[in-house]
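# sequence plus the predicted model coming up.
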Amino acid sequence: FGIQASPGDITKGPTITRYELYPAKGVRVDRITSLERDIARATRAERINILAPIPGKDTVGIEIANAKKVKVTLRELFESDAWVNSKARLPLALGKDVYGNVIIADLASMPHGLVAGTTGSGKSVCINAIIASLLFRFTPEELRFIMIDPKVVEMQHYNTLPHLVTPVVTEPKKVLLALRWVIDEMEMRYRIFAKCGVRNIAGFNSRPKPKSQAELDAEAEAEALTEEEDDGPLEVSANEAAPPHPDAPDMDVEEAVNEPMPKIKVPRDADELIIPEHMPYIVVIIDELADLMQTAPADVESAIARITQMARAAGIHMIVATPTPRADVVNAIIKPHVPSRIALTVAVKLYSLDIP
């Protein structure tokens with residue numbers, strides 16, 4: 001095409017091969033990016049992508065889809081050093097990048113995710129990989145799930161999991177009840193954090209373990225015995241004793257002095273907080289958000305927005321999947337609070353621009 005360039009590195013990944021070029025001095029990068037369709041025709045490639053320039057390098061990358069794609073299995077990801085040595089609090093095995101390196105994400109730092117892709121693009125496979133990653137690492141005491149599946153058939157095989165707070169929600173009328181339970185749980189957790197003087201779930205679970213009631217009673221008895229040994233029995237002469245109250249029952253002076261003080265019962269609130277020893281993470285997974293937004297848009301939108309705004313510190317995270325990330329599905333209220341997004345094949349190019 002009349003553009004001077006020298007070849008660079010070639011990196012072959014599972015589905016894409018990246019060819020790097022060093023443009024000659026004075027050659028503008030825009031001239032190479034304008035040749036995307038011409039290069040695709042010349043190479044007879046299924047699809048290509050031009051990175052001009054590659055982030056962190058002074059080269060231009062041309063990514064061409066491989067004719068034979070290599071499958072990436074979860075077992076391969078779980079056996080990798082990146083997964084074994086990962087320091088993520090909620091690790092997710094998402095796959096491999098262009099260079100063949102394993103991608104391990106941390107749901108705790110996301111803190112919420114949006115998966116978008118048309119039917120057949122691998123959206124459900126991605127959701128299942130995320131669920132399997134969490135099941136592989138955490139017990140039901142450490143992590144709980146709430147799964148919402150309007151399609152009914154996608155997540156039914158998870159109904160036997162002990163991690164589920166409630167069976168997989170399939171009826172649109174019960175979706176709002178599940179989301180309201182999450183909001184109530186989030187608010188209760190924040191009240192517990194305020195009472196314990198911690199800021200988030202990590203600080204709550206790593207706090208010093210409180211003493212049990214049996215240990216507190218044993219310490220109180222030991223202190224009482226120590227005081228009796230140090231001070232000796234209390235002796236009061238009859239002359240120093242206070243005159244009895246006219247309504248008091250007949251009793252000797254020594255019995256009146258040594259009579260234990262009655263315990264004063266302080267009334268407590270009926271909804272007194274019960275502070276648990278350990279608090280599990282909660283992951284809410286919503287499949288087919290577009291269908292929910294058609295049934296009850298106002299209630300579902302406000303519930304999702306409230307959870308995504310405030311639930312991070314409480315250890316509650318949300319993953320939403322939708323085939324069409326339009327503005328009426330993922331609106332301006334939800335989108336700013338879901339910063340982590342996975343874009344698969346979408347129907348319109350504009351949708352992929354909304355999911356960087």
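All right, it came through fine.
# can you give me the strands for the stretch 251-356 of the chain?
When secondary structure is read from DSSP state E, counting those that start in this stretch, the stretch 251-356 of the chain shows strands at 281-286, 316-322, 340-343.
# for those strands, which one sits closest to residue 21?
Shortest separation from residue 21 across the strands of the stretch 251-356 of the chain is recorded for strand 340-343, at 25.8 Å, computed as CB to CB. From N, CA and C alone the C-beta is placed, and that goes for glycine too.
# who does the closest one touch, helix- and strand-wise?
The contact analysis (3 or more CB pairs under 8 Å, 6 or more residues apart in numbering; DSSP states H and E) places strand 340-343 against strand 113-116.
# run the chain-centre distance for the strand it packs on.
Centroid separation between strand 113-116 and its chain, computed with CA atoms, centre = their mean, to the nearest Å, is 13 Å.
# quick one: terminal-to-terminal distance for stretch 334-344?
End-to-end distance of stretch 334-344 (CA to CA, to the nearest Å): 20 Å.
# buried ones in it, by neighbour count?
For stretch 334-344, the neighbour count (16 or more other CB atoms under 10 Å) marks 334-335, 337-338, 340-344 as buried.
# on that earlier part again, please convert the strands of the stretch 251-356 of the chain to JSON lines, extending it with mean pLDDT.
JSON lines is the format used below for these (pLDDT from 0 to 100):
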{"stretch": "strand 281-286", "mean pLDDT": "94"}
{"stretch": "strand 316-322", "mean pLDDT": "91"}
{"stretch": "strand 340-343", "mean pLDDT": "85"}
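# quick one: low-confidence parts of the stretch 251-356 of the chain?
Counting by pLDDT under 70, the stretch 251-356 of the chain shows low-confidence ranges at 251-272, 328, 349-356.
# list the buried ones in stretch 185-194?
Taking 16+ other CB under 10 Å as the basis for neighbour counts, the residues of stretch 185-194 that come out buried are 185-186, 189, 192-193.
# so what's residue 305 closest to, chain neighbours aside?
Take residue 305 and drop its neighbours on the chain: the residue closest to it by CB to CB, 6 or more residues apart in numbering is residue 333, 4.7 Å away.
# from residue 175, how far out is the one you found?
18 Å (CB to CB, to the nearest Å).
# these two: who's more crowded?
residue 175 (22 against 14; other CB atoms under 10 Å).
# quick one: the strand or helix carrying that one to strand 281-286, angle?
Residue 175 is part of helix 172-196 when elements are defined by DSSP states H and E. Computed with axes from the mean of the first three to the mean of the last three CA atoms, to 10 degrees, the direction of helix 172-196 lies at 160 degrees from that of strand 281-286.
# other SSEs contacting helix 172-196?
Secondary-structure packing of helix 172-196 (3+ CB pairs under 8 Å, 6+ apart): strand 143-148, helix 201-205, strand 281-286, helix 289-295, helix 297-310, strand 316-322.
# can you list the buried residues in the fourth one?
I take that to be helix 289-295. By neighbour count, with 16+ other CB under 10 Å as the criterion, the buried positions of helix 289-295 are 289-293.
# just checking, which helix or strand of this protein averages the lowest pLDDT?
Every helix and strand of the chain was ranked by mean pLDDT, DSSP states H and E. The lowest is helix 253-258, at a mean of 50.
# residue contacts, residue 28?
By CB atoms under 8 Å, 6 or more residues apart in numbering, no residues touch residue 28.
# centre-most residue in the chain?
Averaging the C-alpha coordinates of the chain gives a centre point, and the residue nearest to it by CA atoms, centre = their mean is residue 317 (3.2 Å).
# my understanding was that that one contacts residue 106; is that so?
No - between residue 317 and residue 106 no contact is recorded; they are 10.4 Å apart, counting by CB atoms under 8 Å.
# which residues do the two both contact?
Taking CB under 8 Å, 6+ apart as the contact criterion, the residues that touch both residue 317 and residue 106 are residue 90.
# any idea of the pLDDT on residue 55?
Per-residue confidence at residue 55 stands at 83 (pLDDT).
# element containing it?
Secondary structure (DSSP H and E) places residue 55 outside all helices and strands.
# now it: phi and psi?
Dihedral angles of residue 55 (phi, psi; degrees, to the nearest 10) stand at phi -60, psi 130.
# helices of the chain, residue ranges please.
Counting by DSSP state H, the chain has helices at residues 29-33, 36-43, 74-78, 81-84, 123-137, 172-196, 201-205, 213-231, 253-258, 289-295, 297-310, 349-354.
# show the contacting residues for residue 331.
Counting by CB under 8 Å, 6+ apart, residue 331 touches residue 301.
# against residue 289, how distant is it?
For residue 331, the distance to residue 289 under the criterion CB to CB works out to 11 Å.
# distance of the closest residue to residue 299 other than its chain neighbours relative to residue 334?
Here the nearest residue to residue 299 in space, its sequence neighbours aside, is residue 176; by CB to CB, 6+ apart that works out to 5.1 Å. The span separating residue 176 from residue 334 equals 16 Å under the rule CB to CB.
# same question, residue 156
With the distance defined as CB to CB, residue 156 ends up 27 Å from residue 334.
# and for residue 298?
Relative to residue 334, residue 298 is positioned 13 Å away (criterion: CB to CB).
# roughly how far apart are the closest residue to residue 122 other than its chain neighbours and residue 114?
Leaving aside its chain neighbours, residue 122 sits nearest to residue 344 (5.5 Å; criterion: CB to CB, 6+ apart). With distances taken as CB to CB, residue 344 is found 11 Å from residue 114.
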